[in-house]
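Visitor: pasting a predicted model and its sequence here:
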Amino acid sequence: MSHHQPLSPALGRREFLREAALGAAIGAGVGGVIESGLNSAFAAEQGKSAVDSQAALPIVDTHQHLWDLSKLNLPWTKGNEVLGKSFVMSDYLAATKGLNIARTVYMEVDVDPKDQVKEAEYVIDLCQRKDNPMVAAVISGRPASDGFAAYIAKFKGSPYIKGVRQVLHGASDPAGYCLDKQFVRSVQLLGEMGMSFDLCMRSGELLDGDKLVAQCPGTRFVVDHCGNGDVQETDAGKIARWKDGMKALAQRDNVVCKISGIVVTARKDWKAADLAPNMRFSMETFGPDRRMFAGDWPVCTLRASFAQWVGALKEIVREMGMSLADQKKLFHDNAVRFYALKDK
């Protein structure tokens, strides 16, 4: 039996034309010049093919923020020139048009705690409607509060509520806050209910996150935004603390990482290469089966449109030489598996 794999029609045609042209050029005595030009043209065509293949990848956005300020109170948006207005589903659909967004997972938006149930009801309604790609949600919660168990019990068994997040890098959240006994017990409860918890914390405190994970082996965790490593950071100690925290968390089988977010730490005139070291480290540390794409729109618009962010990440994974199969895991398959996502 032959061990030679048949070429795809497209690749076969390119190879044939390249060899035929090269043969003719050598016969004419100009092989070196033509060979160089053909190599460049061939590389360009391969690059175009890689971009075309990426464009066909379905995307699950695991971090879709939305807020309607006529319905929900978000104190942190007050006075913010970019984010201090409503961002609703129609805005998201416009921002992501043509990018092959197959499904989305809503991510809580740090509403006033009094509005937490209202927020959950708002996104459950969106998940039930057929006019948008949202199929699941991670809702707000305050695990250290006495009322957390009663609050989260309202959503036990919901096919849409997949987890909880409390942002832990606010000015009022001291280091080690996630190790409070009540906080730990509440996060253990999430695991008992089949829900996940998102770790969104300062990059230098990821080892606190690891201590929390160690106490909650039955709960699945998501590291948000590549552990919030600043792409402009030059302090070797701070970079080392971020990396140590990421490596510790990656050793835990019940932790995955969202590849997102840190574009907001870049210069205003950023390029994909500015993001690449942090992105590459995060993706390689967690490996092909425990990394997920996340949009972080509209927060990403502080530095990038949704399309610019997707384009930058696709450029980075091309430069890494990531296989198309592993790209599909990153942009789609891992999220579907982790959140047990269904079609609408």
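Guide: Perfect, thanks for sending it.

Visitor: the strands in the chain, which residues?
Guide: Assignment of strands within the chain using DSSP state E yields the ranges 59-64, 101-107, 134-140, 161-165, 196-199, 220-223, 255-259, 291-293.

Visitor: so which of those is the most packed in?
Guide: strand 59-64 (a mean of 28; mean count of other C-beta atoms under 10 Å). Using the backbone N, CA and C atoms, a C-beta is placed for each residue, glycine as well.

Visitor: now do that strand against strand 161-165, angle only.
Guide: 50 degrees (axes from the mean of the first three to the mean of the last three C-alpha atoms, to 10 degrees).

Visitor: out of the strands of the chain, flag the one nearest residue 342.
Guide: Residue 342 lies closest to strand 134-140 among the strands of the chain, at 6.3 Å (C-beta to C-beta).

Visitor: quick one on the thing from earlier: and the strands of the chain as TSV, adding distance to residue 181 and mean pLDDT?
Guide: Below are those laid out as TSV (distance: least, C-beta to C-beta, whole Å; pLDDT from 0 to 100):
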stretch	distance to residue 181	mean pLDDT
strand 59-64	29	98
strand 101-107	27	98
strand 134-140	21	98
strand 161-165	17	98
strand 196-199	16	98
strand 220-223	18	98
strand 255-259	21	98
strand 291-293	30	98
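
Visitor: pop the domain breakdown of the chain in here.
Guide: 9-52, 58-339 (automatic domain parsing).

Visitor: those: lowest mean pLDDT?
Guide: The weakest mean pLDDT among those belongs to domain 9-52, with a mean of 52.

Visitor: pretty sure residue 100 contacts residue 54?
Guide: No: in this structure, residue 100 is not within contact of residue 54 by C-beta atoms under 8 Å, at 9.6 Å.

Visitor: would you map the helices across the protein?
Guide: Assigned by DSSP state H, the chain shows helices spanning 9-27, 31-55, 89-95, 116-128, 148-153, 181-192, 206-215, 236-250, 272-286, 306-320, 324-328, 334-339.

Visitor: CA-only coordinates of the last one in PDB, if you can.
Guide: Just to be clear, that refers to helix 334-339. These are the backbone C-alpha positions of helix 334-339, laid out as PDB (Å, rounded to 0.1, in the frame of the first residue of the first chain):
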ATOM      1  CA  ASN A 334     -13.100  23.900  24.400                       C
ATOM      2  CA  ALA A 335     -15.800  26.300  25.400                       C
ATOM      3  CA  VAL A 336     -18.500  24.100  24.100                       C
ATOM      4  CA  ARG A 337     -17.200  21.200  26.200                       C
ATOM      5  CA  PHE A 338     -16.400  23.300  29.400                       C
ATOM      6  CA  TYR A 339     -19.800  25.000  29.500                       C
END
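
Visitor: what residues does it touch?
Guide: With contacts defined as C-beta atoms under 8 Å, 6 or more residues apart in numbering, helix 334-339 is touched by 60, 62, 103, 105, 136, 162, 196, 220, 222, 256, 289-293, 341.

Visitor: residue nearest the centroid of the chain?
Guide: residue 294 (2.3 Å; C-alpha atoms, centre = their mean).

Visitor: distance check, that residue against residue 313.
Guide: Distance, residue 294 to residue 313, by C-beta to C-beta, to the nearest Å: 10 Å.

Visitor: kindly report the same for residue 149.
Guide: Computed as C-beta to C-beta, the residue 149 to residue 313 distance reads 38 Å.

Visitor: which other residues reach stretch 307-325?
Guide: For stretch 307-325, contacts defined as C-beta under 8 Å, 6+ apart pick out 47, 50-51, 53-54, 57, 59, 95-96, 98-99, 259-260, 263, 271-272, 275-276, 279-280, 283, 293, 295-297, 300, 304, 327, 330.

Visitor: list the contacts for residue 298?
Guide: 65, 82-83, 87, 91, 95 are the contacts of residue 298 under C-beta under 8 Å, 6+ apart.

Visitor: ok, of those residues, which come out buried?
Guide: 65, 83, 87, 95 (16 or more other C-beta atoms under 10 Å).
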